[in-house]
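model this:
(4 chains)
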Number of protein chains: 2
Amino acid sequence: MCDNLHIHGLKMPESMDEETRSQLCPVVYAVSKLGGKWKLIVVHNLIDGPLRFGELRRAIPDITQRMLTLTLRELEEDGIVNRHVFEVVPPHVEYSLTEVGQGLESVMSSLGDWGRANFAQKRNAVAQTA
Amino acid sequence: MCDNLHIHGLKMPESMDEETRSQLCPVVYAVSKLGGKWKLIVVHNLIDGPLRFGELRRAIPDITQRMLTLTLRELEEDGIVNRHVFEVVPPHVEYSLTEVGQGLESVMSSLGDWGRANFAQKRNAVAQTA
DNA sequence: AAGTATACTTACAAAAATGTGCCTAAAGCA
DNA sequence: TGCTTTAGGCACATTTTTGTAAGTATACTT
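Alright, predicted model coming up:
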């Protein structure tokens, strides 16, 4: 499953440098980058192509402006999302997945498959018995 | 990507019943079941087979007893983890993935691939330049 | 009789995550 | 002049999550 047994749950404080982090279990590392309430939701919404800040807000009705900003900033820092500012007024900013972010496509799709298979049974049942 | 555009970020309060939930985007649903600091870590550790409570604790050194208990209880409620109590003294309890939980194997492996590819570069680089 | 082992529970405390409300800039348009 | 639009920033408040420390039960061993 993973090279580094027995350290799957280690803390990763700011003080720990990238090199040390990279020696930990990749699953733990991935989880640490994608944790939080909104990160995977935002990535999910960007899979099909770039969206503007406002478009993302409308696509994720329950996210607040603040959380969308924070989430995007963190995804940007981690090299998962690109921020492209058009120097116009009113402002126009587009967010897209980097190559690293695109690499999450199979994660997102298997996550979707799992959700569909295990928790959307009623909807499927209705559709199939019709 | 998903049947239900525009509702990817909806809240899922307790008051919302299973039927309503199942009509939401499967990715959002999956994320809601697997959120939290420890859930995926625990699932990851159970992928290779059942473990006892104490074994899980040792495998995830930074988790507290309390958080392990809480996490396992929630995974159990959601049908992802099985709890098997052996009626002996001292207690012996084994945790394993249900079929639903096993369905997360591809999620875990693509997550691992992504982590390995994007954040463990130094270790790979060292290994490859040697 | 006291200590060991295992899998917890509970009350309380601290920390982290998230939400709210209000404010800004700068150009275009009525 | 003042309203609209877009993408935020900021201070503060609240909620949610996580951690700490202590206690419980019971059979077996020393």
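
helix, strand or coil for residue A:94?
At residue A:94 the chain is in strand, as set by DSSP: H, G, I helix; E, B strand; the rest coil.

what residues of stretch A:24-35 count as buried?
For stretch A:24-35, the neighbour count (16 or more other CB atoms under 10 Å in any protein chain shown) marks A:24-34 as buried. No exception for glycine: its C-beta is placed from N, CA and C like everyone else's.

out of those, who's nearest residue A:53?
residue A:34 (20.7 Å; CB to CB).

ok, the nearest residue to residue A:80 once chain neighbours are set aside to residue B:82 distance?
Leaving aside its chain neighbours, residue A:80 sits nearest to residue A:101 (4.1 Å; criterion: CB to CB, 6 or more residues apart in numbering or on different chains). Going from residue A:101 to residue B:82 by CB to CB, to the nearest Å gives 35 Å.

tell me which of these two has more neighbours.
Ranked by neighbour count (other CB atoms under 10 Å in any protein chain shown), residue A:101 and residue B:82 place residue A:101 first, with 23 against 17.

in a strand, the more buried one, correct?
No - counting by three-state DSSP, residue A:101 falls outside a strand, being helix.

and the pLDDT for it?
Reading off the confidence values, residue A:101 has pLDDT 97.

contact residues of chain A facing DNA strand D?
A:52-54, A:65-66, A:69, A:72-73, A:83, A:89-93 (CB under 7 Å from any atom of the strand).

nearest residue to the spatially most central residue of chain A other than its sequence neighbours?
Centroid check for chain A by CA atoms, centre = their mean gives residue A:40 as the closest residue, at 3.0 Å. Excluding the flanking residues, the one nearest residue A:40 by CB to CB, 6+ apart is residue B:31, at 5.0 Å.
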